[in-house]
Every structure is written in structure tokens, then in C-alpha cells.
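Peer 1: I'll drop the sequence and a predicted model, then ask my questions.
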Amino acid sequence: MNNSTQKSIRKLSIAILFMGGLTLIYTYVQMISQLWLNNFIIPITWNPEIKGWQIFILAARFIGITLLFALCCIFLHRINQGLKDGEIFPESNIPIIRWTALVAALLAFVHCNYDAVVKGESELMLDSNVILIPLIVLLFAGLYKMAFLAAKDSQLAI
């Protein structure tokens with residue numbers, strides 16, 4: 001792979017990490033504001049009947065968004081390291097993409113229920129994104145694995 005393509009991928013990786021970092025910071029600030037500052041637009045309303053559920057959803061959102069950012073960082077680091085080593089599709093990224101599907105399912109579930117939890121309402125919601133998003137990510141994991149195998153066969157043929 002030529003040097004300009006590697007530089008483009010590195011610049012794109014930096015842009016992705018920057019935007020992901022901003023999203024992570026925004027989510028942290030929003031959650032901290034909802035939990036501890038009373039002047040937020042929609043402060044959290046604690047309901048004693050579902051307090052455990054509320055804590056679970058809030059913790060899952062915090063942990064899920066952090067895990068998603070960490071997995072993205074690992075994925076992009078391995079991509080850039082693989083390009084330096086001459087490997088276009090590092091095999092070690094396949095499990096990262098699969099774990100991302102699991103985290104995406106958790107975040108989609110949390111996103112469905114977050115507004116109700118903030119308002120203190122006792123309802124459980126599911127939508128199609130809880131299933132669809134992880135399936136799409138798993139599809140990309142399969143495609144990535146096929147690309148890895150094709151690149152491996154290509155190196156063996158040369």
C-alpha cells in the first residue's frame with residue numbers, strides 16, 4: 001500500500017478518534033449534569049420503585065460508551081500498526097468487531113430506555129435497533145474476516 005494511502009488512513013483515524021472523544025466527553029458532561037446539577041434541561045427523576053433499573057441503565061450507558069470508544073481506539077491502532085507492518089487487514093481486529101457488536105446491542109437497548117429512566121417512568125422498551133445494529137456489525141465482522149482471508153491468500157500466491 002502506498003504511503004499517501006497510509007497517511008490518509010492515519011488522518012481519518014485521528015479525525016474519528018477526535019469526533020469519538022468529543023462524543024464521549026459530551027455524554028459524560030450530560031450524565032454528570034443530569035445526576036448532580038439541578039439546572040440541566042431534564043434532570044433525572046429518581047423513582048424508588050425502579051431505582052435499581054435506573055442505576056443499571058445509567059451505568060450501562062456510561063460503561064457502554066466508554067467501551068465503544070476504547071474498542072474503536074484499539075481497532076484503529078491495530079489498523080495503523082498493520083499498515084506499517086504491511087498487513088492490510090490484521091486478524092486481531094476480527095474479535096474487536098465482534099465485541100463491538102455486543103456493546104452496540106447494549107447501547108441500543110440503553111438508548112431505547114434512557115429517556116424513560118431519566119423521567120422516572122417504569123417501562124421497558126425495545127425497538128428494532130437492538131437487533132438490527134448488532135447484526136449489521138456482525139455482518140461487517142464477517143466481511144472483514146473474508147477480506148483478511150483474501151489478503152492472506154493473495155500473499156501466499158505471490
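Peer 2: The structure has been received and is ready for your questions. Residues are numbered from 1 along each chain as shown.

Peer 1: pLDDT below threshold where in this protein?
Peer 2: The model of the chain has pLDDT under 70 over residues 1, 38-40, 157-158.

Peer 1: and the residue nearest to the spatial centre of it, how far from residue 59?
Peer 2: Central residue of the chain (C-alpha atoms, centre = their mean): residue 68, 2.9 Å from the mean position. Taking C-beta to C-beta, to the nearest Å as the measure, residue 68 falls 15 Å from residue 59. From N, CA and C alone the C-beta is placed, and that goes for glycine too.

Peer 1: and what of residue 96?
Peer 2: 23 Å.

Peer 1: which of these two has more residues huddled nearby?
Peer 2: Neighbour count, other C-beta atoms under 10 Å: between residue 96 and residue 59, residue 96 has more, with 18 against 11.

Peer 1: for that one, which residues are in contact?
Peer 2: Contacts for residue 96 (C-beta atoms under 8 Å, 6 or more residues apart in numbering) come out as 71, 74, 75, 78.

Peer 1: could you pull out the buried residues of the one helix or strand residue 133 maps to?
Peer 2: Element membership for residue 133 (DSSP states H and E) is helix 129-157. Buried residues in helix 129-157, counted by 16 or more other C-beta atoms under 10 Å: 129, 130, 133, 134, 137, 138, 141, 144, 145, 148, 151.

Peer 1: ok, the second one - contacts?
Peer 2: Put plainly, it is residue 130. 105, 108, 109, 112.

Peer 1: just these now: which is nearest residue 16?
Peer 2: Within the contacts of residue 130, proximity to residue 16 (C-beta to C-beta) peaks at residue 108, which comes in at 20.1 Å.

Peer 1: quick one: that closest one and residue 137 touch, right?
Peer 2: No - Residue 108 is beyond contact range of residue 137, at 10.4 Å (criterion: C-beta atoms under 8 Å).

Peer 1: residue 6 - how many residues pack around it?
Peer 2: Neighbours around residue 6, by other C-beta under 10 Å: 13.

Peer 1: which residues of this protein fall in helices?
Peer 2: Per DSSP state H, the chain has helices spanning 3-36, 51-84, 93-119, 129-157. These are given in chain order.
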